[in-house]
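Predicted model, plus sequence, below.
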Amino acid sequence: MSYLLINNGILINGNGGTPIQDAAVLIKDNRIVAAGLEESIKIPDEKINIVDVKGSFILPGFIDVHVHIMTEGFAREDTIYTPLSLYFYYAIERMKRTINAGVTSVRDAGFADIGVKLAVDKGIIIGPRLQISVSPLSITGGHFDFWLNSGFDIKPKYPGYPDGIADGKEVVRKTVREIMRAGAEVIKVMVTGGVISANDRPEYPQFSMEELEVIVEEAKYRDLQVVAHAHGTKGIKNAIKAGMNSIEHGTCLDDECIEMMISNGTFLVPTFLAMKINKELAEDETSAIPDWSREDAIRMEKVHENNIRKAYKAGVKIVMGTDSGVVTHGRNLEELGYMCDMGMDPMEAIVAGTKKAAESLGREEKVGSIEFGKLADIVISKNDPLTSMKSLGDPNNILLVIKDGKIVKNLL
Ligand SMILES: [Zn+2]
């Protein structure tokens, strides 16, 4: 049994209330056992490690609900040249960057497998807690079909990694079962085309209603959530109708989508970071974006922010997800700045990246706030995020990161 006391800080606990001055957090092994005014915390009469944060800000570990830890950038053809083992070693460094940026939990929206998750859980490598989808489901020629007109299929293939391409009700059913057998904790479905896929456009709906309903039915048999990559209006509606839990990107959502999301309690993950950076890259003629993505990236970004703002104002539940992997890892908390630009106040954005994000993963009992009994995932910010949210996006301002009661980064 070991105790760790974080003291002399200002506590923003993730629940959205007023920050607490002169605060401390007491951790026993990997759990939070007390948090609040320092003088109100009873210090145990045994050996205790103390970290004085010198007036910095104590926050819950952040949660990014949309990353791809196994990829970075647009150059999908890299997979042709990359030895399979190197593909995994790259992920070690990316996970380190992610946790150093203050993100202690992620939902991997495609590619991370059960071995990657186990390596983190066993403490072999340092990384955020993973909720894995293993392989997203996609139709032939859809957003997760990496087949090129040359006839080459450039998606990584190896034993234990199921292929998510499926067409027709019964094939789709079997594919969901294979993905769950491979350890998926959430099911990801490409219900529309995408910006970075060669053979479609983001507006195209993908999968029939019948297929989508089968996917949700199979996932619900195991109490798994289903999240939808969705840009186009029809695809967004199909996903909500089928009972999916979350719309990722949500670019072309309209008033009807907003109403449906509110009445179904569907989460929205805007992924501003990817939308903004993709557009910047697309406008830069020297960047390495494939030609098939350029026009899509610019067209989608044009309508994205306005539609997300409408959804936000109407009361749709919005949580933090960045699509890091499409963009560089380790910039995750820049997303909170974009959420504020869209209209959230800073405290709301923090809750969207902590407590609410935990709810969207179905892990609110364990993570997402600094409260008695929760896992000790804590981030110390040098600056006040309520007055300088953009500073949170710079990992140099993240002074300390604790995951599961262990200090994994310390610049104090
Ligand atoms: Zn993604």
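Everything's here; your move. Numbering: from 1, shown residues only.

Around the ion, pick out the residues from the protein.
With Cβ under 5 Å from the ion as the criterion, the chain meets the ion at residues A109, D323. All C-beta spots, glycine's among them, are computed from the backbone N, C-alpha and C.

who's in contact with E203?
With contacts defined as Cβ atoms under 8 Å, 6 or more residues apart in numbering, E203 is in contact with T192, G193, H231, G232, T233, C252.

which SS class is the residue lying farthest from the centre of the chain?
Most distant from the centre of the chain: D45, at 39.8 Å, with distances by Cα atoms, centre = their mean. D45 carries the three-state label coil when classified by DSSP: H, G, I helix; E, B strand; the rest coil.

returning to what we had before: which pair of the contacts of E203 spans the longest distance?
Taking Cβ to Cβ, the two most distant members of the contacts of E203 are G193 and T233; they sit 12.6 Å apart.

more neighbours, those two?
Comparing G193 with T233 by other Cβ atoms under 10 Å, the one with more neighbours is G193, at 26 against 19.

re earlier: reformat the contacts of E203 as CSV; add pLDDT.
Rendered in CSV, the data for those read as follows (pLDDT from 0 to 100):
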residue, pLDDT
T192, 96
G193, 90
H231, 96
G232, 96
T233, 97
C252, 95
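
Which of those residues sits closest to the ion?
The nearest member of the contacts of E203 to the ion, counting by Cβ to the ion, is H231 at 11.2 Å.

wait, is G337 part of a helix?
Yes: in this structure, G337 lies within a helix as judged by three-state DSSP.

Neighbours of it, how many?
Here the count is done by other Cβ under 10 Å, and G337 has 20 residues near it.

State the distance from it to I20.
24 Å (Cβ to Cβ, to the nearest Å).

in what helix or strand does Q131 lie?
strand 129-132 (DSSP states H and E).

what's the answer for G115, then?
Assigned by DSSP H and E, G115 belongs to helix 114-121.

Now do the contacts for the residue farthest from the centre of the chain.
Remark: with contacts taken as Cβ under 8 Å, 6+ apart, D45 is in contact with nothing.

Show me what counts as buried in stretch 153-163.
Judged by neighbour count using 16 or more other Cβ atoms under 10 Å, the buried positions of stretch 153-163 are K155, P156, Y161, P162, D163.

Now the first one: closest residue in space that isn't a chain neighbour?
If you skip the residues right next to it in sequence, K155 has F146 as its closest partner in space, 3.9 Å away by Cβ to Cβ, 6 or more residues apart in numbering.

Could you count how many residues lie near D223?
The burial count assigned to D223 is 7, neighbours taken as other Cβ under 10 Å.

mind checking the SS state of it?
When the structure is reduced to helix, strand and coil (three-state DSSP), D223 reads as coil.

before we move on, what about N383?
Under the three-state scheme (three-state DSSP), the conformation of N383 reads as coil.

repeat for V408
Under the three-state scheme (three-state DSSP), the conformation of V408 reads as strand.

That one reaches V401, doesn't it?
Yes: the pair formed by V408 and V401 meets the contact definition of Cβ atoms under 8 Å, at 5.2 Å.

Next, name the residue at the spatial heart of this protein.
V65 (2.1 Å).

wait, what's in contact with the closest residue to F111 other than its chain neighbours?
Sequence neighbours aside, M70 is the residue nearest to F111 in space, at 3.7 Å (criterion: Cβ to Cβ, 6+ apart). Each residue near M70 by Cβ under 8 Å, 6+ apart is listed here: Y87, F88, Y90, A91, D108, F111, A112, V116, P156, G325.

pLDDT value on the second one, please?
In other words, F88. In the prediction, the pLDDT value recorded for F88 is 96.

Would you confirm that K390 belongs to a helix?
Yes: checked against three-state DSSP, K390 lies within a helix.

Contact partners for it?
E334, G337.

residues contacting whichever residue of the stretch 1-150 of the chain sits closest to the ion?
As assessed by Cβ to the ion, the ion sits closest to A109 within the stretch 1-150 of the chain, at 4.5 Å. By Cβ under 8 Å, 6+ apart, A109 lies in contact with H66, V67, H68, S133, P136, K188, V227, H229, E248, G321, D323, G325.

Which pair of these spans the longest distance?
Of all pairs drawn from these, the widest gap by Cβ to Cβ lies between V227 and G325 and measures 15.1 Å.
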